[in-house]
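In: Need coordinates for the following:
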Amino acid sequence: MKKSVAAKIKWVSPEDGGKKNPFPIGVKYGPIILFEGQDMEKGSWSAEIYVIEHIGDFASKIQLSYLSPEAPFLYLKSGNKFKLYEGAKMIASGEIL
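Out: Below you'll find the model as predicted:
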């Protein structure tokens, strides 16, 4: 079984180019994830997020993992900050709880 962790994310608002509504609770989604200090040009990984609850305006608590068992799971540590992307477009930023 692959490792997953709890995280909190803030979705990019519609005014800033984000979606009108965050993903619904119970939805699994596979965006690109980039942790602070990582460079997308040197390679990126697909995350697997599962929305657990919405905790305010455009904020959600999620369960986070990687799609690939070869991914750098060492980044899934409490306090690590990351950004989620659809292609080159940032859709959310977050932190591992």
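
In: Name the nearest residue to Phe73, ignoring sequence neighbours.
Out: Distances taken as C-beta to C-beta, 6 or more residues apart in numbering place Lys3 nearest to Phe73, at 5.3 Å, with adjacent residues excluded. No exception for glycine: its C-beta is placed from N, CA and C like everyone else's.

In: Can you list phi and psi of that neighbour for me?
Out: The phi/psi pair for Lys3 (degrees, to the nearest 10) reads phi -70, psi 140.

In: who's in contact with it?
Out: By C-beta atoms under 8 Å, 6 or more residues apart in numbering, Lys3 lies in contact with Ser65, Phe73, Leu76.

In: quick one: which of those is nearest to Tyr50?
Out: Among those, Ser65 lies closest to Tyr50 (C-beta to C-beta), at 8.4 Å.

In: quick one: that closest one and Pro31, what's the gap?
Out: 12 Å (C-beta to C-beta, to the nearest Å).

In: Which of the helices or strands spans the residue nearest the centre of the chain?
Out: For the chain, the residue nearest the mean C-alpha position is Leu84 (4.6 Å; C-alpha atoms, centre = their mean). Assigned by DSSP states H and E, Leu84 belongs to strand 81-86.

In: After that strand, which helix or strand is next?
Out: Next along the chain after strand 81-86, taking DSSP H and E as the criterion, comes strand 89-96.

In: chain center to that next one: distance?
Out: Taking C-alpha atoms, centre = their mean, to the nearest Å, one finds the center of strand 89-96 at 5 Å from the center of the full chain.

In: Direction included, what does it pair up with?
Out: Strand 89-96 pairs in its sheet with strand 5-11 (antiparallel), strand 81-86 (antiparallel), by DSSP bridges.

In: So which of the ones you listed is nearest Ser44?
Out: For the strands paired with strand 89-96, the distance to Ser44 is smallest for strand 81-86, at 7.8 Å, taking C-beta to C-beta.
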